[in-house]
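Peer 1: got a predicted structure plus its sequence, pasted below:
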Amino acid sequence: MRFDVKALAIAAGLIWGLVLLLVGGANLVAAPYGQAFLEMAASVYPGYTAAASFGQVILGTLYGLVDGAIGGAIFAWLYNCFVKA
């Protein structure tokens, strides 16, 4: 069985973007929630500061969408390289 690279890229991008959106949104409502996780993401994504603001939540979500899609595509491609056809 082989993975569809495009489908896995879209799915992984949506999941990772949604995770960052939900944790960032929860951090806006209850300030200490997920702060360590958001700071970890801020250490990877340039321009993202993990501050409790709507703009930073959107920026983190966009980074998550792109990063998840790239990671999903690489995973599917690599898996397909090693799986027997």
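Peer 2: In hand now; what should we look at?

Peer 1: centre of the chain to the longest helix belonging to the chain, how far?
Peer 2: Longest helix in the chain, counting residues (DSSP state H): helix 54-82. The chain centroid and the centroid of helix 54-82 are separated by 5 Å under CA atoms, centre = their mean, to the nearest Å.

Peer 1: quick one: buried residues of stretch 10-22?
Peer 2: 10, 12-13, 16-17, 19-21 (16 or more other CB atoms under 10 Å). Yep, even glycine has a C-beta here, placed from its N, CA and C like the rest.

Peer 1: for stretch 44-64, same thing?
Peer 2: The neighbour-count check on stretch 44-64 (16+ other CB under 10 Å) flags 45, 48, 50, 52, 56-57, 59-61, 63-64 as buried.

Peer 1: before we move on, what about stretch 68-82?
Peer 2: By neighbour count on 16+ other CB under 10 Å, the buried set for stretch 68-82 is 68-69, 72-73, 76.

Peer 1: of these, which pair is most distant in space?
Peer 2: Maximum pairwise distance in these, criterion CB to CB, is 12.2 Å, between Gly68 and Ala76.
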